[in-house]
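A.B. asks: Model the following, please.
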Amino acid sequence: MATYKKRGYKPNTKEEQQASVEDNSTTAEVFNTLDEGAGKTEAWVARNQKYIFIIIGIAALIILGYLAYEEFIQEPREAEAANEMFQAQQYFDTALESTAASDSLYNLALTGGQGKYGFEDIIDNYGGTKAGNLARYYAGMAYLHTNQYQNAIDRLDDFKSDDEILAPLAKGGIGDAFMQLGQPEEALVYYEEAAKMRDNNFTTPRFLLKAAITAITLGEGESAEDYLNRIKNEFPDSPEANKVSVYLGQAEAMKQ
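C.D. replies: Numbering: from 1, shown residues only. Just a heads-up that it's a prediction; the model follows:
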């Protein structure tokens with residue numbers, strides 16, 4: 001058992017002297033071990049100094065290369081892609097507002113006009129940019145409006161976004177395409193996903209209603225009722241809420 005020793009204490013007995021010697025020896029061994037470990041580390045660093053500097057240099061080059069790529073290549077490409085897509089977006093927006101010749105406007109948006117790229121050109125030439133990704137959404141919607149449903153599915157499926165509105169609209173657009181292709185089972189899956197993706201007053205009731213109507217088409221009255229009640233209870237001020245009573249009656253009648 002360890003005992004407290006006053007400062008200046010000197011061992012008197014042989015046993016105490018021996019214990020003191022052993023304590024000093026143990027302490028010396030610990031410091032010797034630490035010195036040996038430090039010496040080995042220094043020796044390893046000295047032997048491998050060349051390789052360490054090479055590794056550090058490579059890491060620095062990678063970081064500097066990435067920063068240079070972002071500043072001098074990616075950012076200018078982003079700006080260039082956005083500028084090139086401006087005319088295609090103009091065609092698309094005009095087509096949405098137009099009741100006549102909208103198909104030709106959507107086609108111009110897709111293929112380009114006035115010496116400017118269309119959405120497909122943007123995808124091909126600037127696919128890795130934000131504008132290139134957004135072009136997939138616009139192209140998908142343009143295909144949907146011109147009855148090219150498989151192309152719409154392909155482009156909208158490639159579109160990736162966390163946007164509150166565009167993400168569910170793209171997913172719901174795929175549902176619309178499947179519905180037009182006569183595949184309501186697949187359409188219902190995408191309507192359900194679109195309704196779940198975000199919780200807002202625009203896209204959520206919109207796709208809940210589409211899911212309910214599709215469920216009624218498939219004879220799934222109970223599911224349709226659940227969707228419609230969600231609109232009624234959670235989104236009473238939405239335009240879709242005005243249509244709930246009609247479809248709710250149909251869904252309830254299917255259960256009788």
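A.B. asks: going forward, measure contacts between C-alpha atoms and count neighbours the same way
C.D. replies: Will do.
A.B. asks: For stretch 193-213, which outside residues touch it?
C.D. replies: Contact with stretch 193-213 is made by 164-165, 167-169, 171-172, 188, 191-192, 223-225, 227-228, 230-231, 235, 238, 240-241, 244, 247, as judged by C-alpha atoms under 8 Å, 6 or more residues apart in numbering.
A.B. asks: In strands only, show me the residues you listed.
C.D. replies: Among those, DSSP state E puts none in strands.
A.B. asks: from the residues you listed, which would you call buried?
C.D. replies: 165, 167-169, 171-172, 188, 191-192, 223-225, 227-228, 230-231, 235, 238, 240-241, 244, 247 (16 or more other C-alpha atoms under 10 Å).
A.B. asks: Could you measure from the nearest residue to residue 179 once chain neighbours are set aside over to residue 127?
C.D. replies: Nearest residue to residue 179, sequence neighbours excluded (C-alpha to C-alpha, 6 or more residues apart in numbering): residue 187, at 5.4 Å. For residue 187, the distance to residue 127 equals 27 Å [C-alpha to C-alpha, to the nearest Å].
A.B. asks: Between those two, which has more neighbouring residues?
C.D. replies: residue 187 (26 against 17; other C-alpha atoms under 10 Å).
A.B. asks: What separation do you get for that one and residue 85?
C.D. replies: 30 Å.
A.B. asks: For the stretch 1-150 of the chain, give me the ranges with low pLDDT.
C.D. replies: For the stretch 1-150 of the chain, applying pLDDT under 70 flags the ranges 1-40, 42-77.
A.B. asks: repeat that for 50
C.D. replies: Scanning the stretch 1-150 of the chain for pLDDT under 50 picks out 1-9, 14, 16-17, 19-22, 24, 64, 66-70, 72-73.
A.B. asks: Kindly report the domain assignment for this protein.
C.D. replies: 47-160, 183-256 (automatic domain parsing).
A.B. asks: how about the helices of this structure, start to end?
C.D. replies: Assigned by DSSP state H, the chain shows helices spanning 14-47, 49-69, 75-97, 102-111, 119-126, 130-145, 149-158, 166-180, 184-197, 203-217, 221-234, 244-254.
A.B. asks: Distance to residue 176 for the domains of the chain - can I get that in JSON lines?
C.D. replies: Shown next, in JSON lines, are these (distance: least, C-alpha to C-alpha, whole Å):
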{"stretch": "domain 47-160", "distance to residue 176": "8"}
{"stretch": "domain 183-256", "distance to residue 176": "6"}
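A.B. asks: And these: which comes nearest residue 177?
C.D. replies: Among these, domain 47-160 comes nearest to residue 177, with 5.1 Å by C-alpha to C-alpha.
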